[in-house]
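Q: My questions are about this predicted structure, shown below with the sequence.
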Amino acid sequence: MKKLIIPFCILFCFDAFGAGFLKAESFPKGFQDLSFVQKVQVLKSGYEDWESEYDASGVCIKNCAYKGVTLQEDLDRMNAQTGRAIQKFYSLGYPVGQNTNLSQQVDKSDYINTMQTYYAGECSPRNPYIKPGQTEPFGYPLIEKAKITSPYGYRKHPISGNNSLHKGVDLSAKEGTNVFAPASAIVKKVWSDSDCGNGLVLQHSNGFETLYCHLSGVTVKEGDNVQAGCLIAKTGNTGKSTGPHLHYAIKDNGEYIDPTRTLR
């Protein structure tokens, strides 16, 4: 009888108190390969796989969506998700098929005055080109259209030199430039790590999230409700960055998409 009880107890106790037996493991390793305890710790630390890196054969070695994924598989999945997201934007009435800048569609002085009146006492400063009450991330998170210094997609990582998949865009901006919410949101996460630097994630409607990296400061806190166009952060040069800029990314139901399709 004892021979049966002792192994059972060992298994049960390890399952219940296994945290004490776990060794800390670092990436490269897919998030899904971690234990429950490790996943909780990673999520608490603010981990976001905002840029994956691959070896010479194209197999992921850091920030993997899942173990063994190749660069082409990762890119194909993200492009497919982008197509689905664009259809969703289109169905919600956003002009995704037009090469227009929203800031060029309005009389600037009248529009700015109207928006300042609309948000008087609630949100100042604000981005006047973000539509009031907008609930999906459409438009620039900066006050003016910015140069994209590193696009979404394949690139050589500027610091590690590895092949990488850049899951957002880098927008040129001097340090301390205001960053605005492209849509109404709840602040999902504020954190700091060695890669993203000071980071921020906003949760929007219809499964969309936006991610911001390399910030010099964040003006909101987790759990805050943020109105479309309101100030959320300041650009910076924190984390793995070669100069002041804003890394901006969009997720649709947990999958990164190409944000350039929404920067109008």
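A: Arrived safely, thanks for sending.

Q: show me where pLDDT drops low in this structure?
A: Residue ranges of the chain with pLDDT under 70: 1-36, 38-49, 97-122.

Q: out of all of them, which strand in it is the longest?
A: Longest strand in the chain by number of residues (criterion: DSSP state E): strand 208-218.

Q: Would you mark the buried spots in that strand?
A: Of all the residues in strand 208-218, those buried under the rule 16 or more other CB atoms under 10 Å are 208, 209, 210, 211, 212, 213, 214, 215, 216, 218. Where C-beta positions appear, they are placed from N, C-alpha and C, glycine not excepted.

Q: same deal with stretch 244-259?
A: 244-252, 255-259.

Q: Now it - C-alpha only, CSV.
A: The C-alpha coordinates for stretch 244-259 follow below in CSV (Å, rounded to 0.1, in the frame of the first residue of the first chain):
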residue,chain,number,x,y,z
PRO,A,244,14.5,58.4,-30.4
HIS,A,245,11.4,57.0,-32.1
LEU,A,246,8.1,55.3,-31.4
HIS,A,247,7.6,51.6,-32.1
TYR,A,248,3.9,51.3,-32.8
ALA,A,249,2.1,48.0,-33.4
ILE,A,250,-1.5,46.7,-33.6
LYS,A,251,-2.9,43.3,-32.6
ASP,A,252,-6.2,41.9,-33.8
ASN,A,253,-7.5,39.2,-31.5
GLY,A,254,-4.0,38.5,-30.2
GLU,A,255,-2.3,38.4,-33.6
TYR,A,256,0.0,41.2,-34.9
ILE,A,257,-1.0,42.9,-38.1
ASP,A,258,0.6,45.4,-40.5
PRO,A,259,-0.2,48.8,-38.9
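
Q: quick one: the helices in the chain?
A: 2-17, 36-44, 71-91, 108-118 (DSSP state H).

Q: returning to what we had before: from the buried residues of stretch 244-259, which land in strands?
A: Checking the buried residues of stretch 244-259 against DSSP E, those in strands are 245, 246, 247, 248, 249, 250, 251, 252, 255, 256, 257.

Q: In TSV, list the residues you listed along with distance to residue 164.
A: Converted to TSV, those look like this (distance: CB to CB, whole Å):
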residue	distance to residue 164
245	16
246	18
247	13
248	17
249	14
250	18
251	18
252	21
255	18
256	13
257	17
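
Q: Relative to residue 138, which of those is nearest.
A: Closest to residue 138 out of these is residue 250 (9.7 Å), distances taken as CB to CB.
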